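Student: Sharing a model prediction with you, sequence too.
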Amino acid sequence: MAKRTMTLNLTEREMEVLNQLCDKKGLNKTALMRQALRLYQAVDLRLEQGDKLLFEDDKTKEKSELMVL
Amino acid sequence: MKSRPLFLWDTGSGLPVEGKLINAILPKHLRDHYKFWKPLCKANTEQHEHWNWEKKCSHYSGQLSYQNFAIECSGATQGLMIVNTTKRCVIPSQANKHLVYIEYLEVAPWNRKNLTSQPRHRGVGFAMLAAAIHLSIEEENQGRIGLHSLPQADTYYRDVCRMTDLGPDHSYNSRCPLRYFEMTESQAIEYIRKGGNQNEA
C-alpha cells in the first residue's frame, strides 16, 4: 500500500510519552502512531455501535468502564 | 492493491508453480470460495464449514486493524486469510508486545491432506503464515504472530509450524475453548529458514 508522509507537532511531554512507549513496545514512532490510529478507530467504531469500553481486573474480575469522550 | 509472486508445489508434476499473494480478498476470491470450496467443505464436515468469508470481509472492511490476503495459483483461489494487527503477545518473554494475529485462515479443500490423498498444491498454509510473519516484520513486530486453532489444526500449528502451544483459552470461548498458539521472533526465523517443512495439514 502506498504510504504518505506528514509532519506531526507534539509538545515536549507528548514527545516524551511517545518515546517511552516506543521503547516499551519496541516500535519506531511511525509504527506506534499507526497502532494508536488503528486502536482509536476500532474503539470509536464499537462506541458508535453502542458498545462500552470496559477493563476487567484479572484477579477480582471487577469491571470498570472507561469513559471515552 | 499490493501483490507479490510466490511458488507453490504442484504435487502432480512435482515441480514448483508460480502463483501470487494478494494483499486483499477480492470478489473473485469470494466467488471461488462459494462456488468451488464450499461444496467440498460441506461434504467433508470441516470444523470451519460455517465460515462465511463474504460476511467476514464486509464486517472488517474499512477497519485499519485488519488486513486481508489471498493466494491465487493455476487460475484458482488457493488460500484466504484475515489478520489483526492490534493484538498483543501472551508468552511471558514477549508479553504485551504487538503481534500479527491470524483471525481466519483457510486453505482450498483440494490442497488439504485430510480431505484428499493427493493435494493439488503444497505450500499454501506455509505461504500464508509466512505472509503473516513478513507483515509482522514490516510492522516492527519482529515476526511475532498468534492464532487460536480449530482442534483439527492443533497438531499442524504445534508440530509442523513449531508454534508455542499455550493451551485452551477460556477467555476466547468459554464453552468450547480453542487452543492459543504463538510464535516468537526466533521461532519465526526458524520457520522461514526451514520453509515450514513444506508440510501441509
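Tutor: Received the coordinates, thanks.

Student: ok, which stretches of the chain are helices?
Tutor: All of this refers to chain A. A:12-25, A:29-48 (DSSP state H).

Student: not what I meant, chain B
Tutor: Counting by DSSP H, the helices of chain B are B:27-32, B:38-43, B:53-60, B:124-138, B:154-155, B:185-194.

Student: Buried deepest among the helices of chain A, which one?
Tutor: helix A:29-48 (a mean of 14; mean count of other CB atoms under 10 Å in any protein chain shown). (Each C-beta comes from the backbone N, C-alpha and C, glycine too.)

Student: Next, the angle helix B:124-138 makes with it.
Tutor: 110 degrees (axes from the mean of the first three to the mean of the last three CA atoms, to 10 degrees).

Student: Residue numbers of chain B in contact with chain A?
Tutor: Contact residues (CB under 8 Å from any CB of the partner chain) of chain B with chain A: B:2, B:23, B:63-65, B:85-86, B:96-98, B:139-140, B:142.

Student: which of those sit farthest apart?
Tutor: B:K2 and B:N96 (29.3 Å; CB to CB).

Student: Now do the end-to-end distance for stretch A:6-18.
Tutor: With CA to CA, to the nearest Å applied, stretch A:6-18 spans 16 Å between its terminal residues.

Student: With stretch B:50-66 instead?
Tutor: Using CA to CA, the two ends of stretch B:50-66 sit 21 Å apart.

Student: again with stretch B:20-28
Tutor: End to end - CA to CA - stretch B:20-28 spans 14 Å.

Student: What segments of chain B are strands?
Tutor: B:3-10, B:15-22, B:66-73, B:76-84, B:100-107, B:121-122, B:145-149, B:164-168, B:179-183 (DSSP state E).

Student: B:S186: which of the helices of chain A is closest?
Tutor: Of all the helices of chain A, helix A:12-25 comes closest under CB to CB, at 18.9 Å.

Student: Give me the spatial nearest neighbour of residue 47, chain neighbours excluded.
Tutor: Unless you meant another one, I'm taking chain A. Leaving aside its sequence neighbours, A:L47 sits nearest to A:V68 (CB to CB, 6 or more residues apart in numbering or on different chains; 6.0 Å).

Student: um, chain B though
Tutor: Counting by CB to CB, 6+ apart, the residue nearest B:Q47 is B:L150, at 4.4 Å.

Student: returning to that earlier point: distance of the residue nearest to A:L47 relative to B:R122?
Tutor: Remark: distance between A:V68 and B:R122 (CB to CB, to the nearest Å) = 47 Å.

Student: follow-up on the earlier one: just the helices of chain B: most buried one?
Tutor: helix B:124-138 (a mean of 22).

Student: Now do it and helix B:185-194, the angle between them.
Tutor: 130 degrees.

Student: For helix B:124-138, give me every contacting residue.
Tutor: For helix B:124-138, contacts defined as CB atoms under 8 Å, 6 or more residues apart in numbering or on different chains pick out B:6, B:8, B:21, B:67, B:69, B:71, B:78-79, B:81, B:83, B:85, B:99-100, B:102, B:105, B:107-108, B:111, B:142-145, B:156, B:161, B:183, B:188, B:191-192, B:195-198, B:200-201.

Student: Would you mind listing which of these are buried?
Tutor: Buried subset of those (neighbour count, 16 or more other CB atoms under 10 Å in any protein chain shown): B:6, B:8, B:21, B:67, B:69, B:71, B:78-79, B:81, B:83, B:85, B:99-100, B:102, B:105, B:107-108, B:111, B:142-145, B:156, B:161, B:183, B:188, B:191-192, B:196, B:200-201.

Student: picking up where we left off before, which residues does the residue nearest to A:L47 contact?
Tutor: A:V68 makes contacts with A:V43, A:L47, A:L53, as judged by CB under 8 Å, 6+ apart.

Student: what sits against B:L178?
Tutor: By CB under 8 Å, 6+ apart, the neighbours of B:L178 are B:H148, B:S149, B:L150, B:P151, B:P168, B:D169, B:Y172.

Student: Wait, the last one touches B:F181, no?
Tutor: In this case it means B:Y172. No - at 11.8 Å, B:Y172 does not count as touching B:F181 under the criterion of CB atoms under 8 Å.
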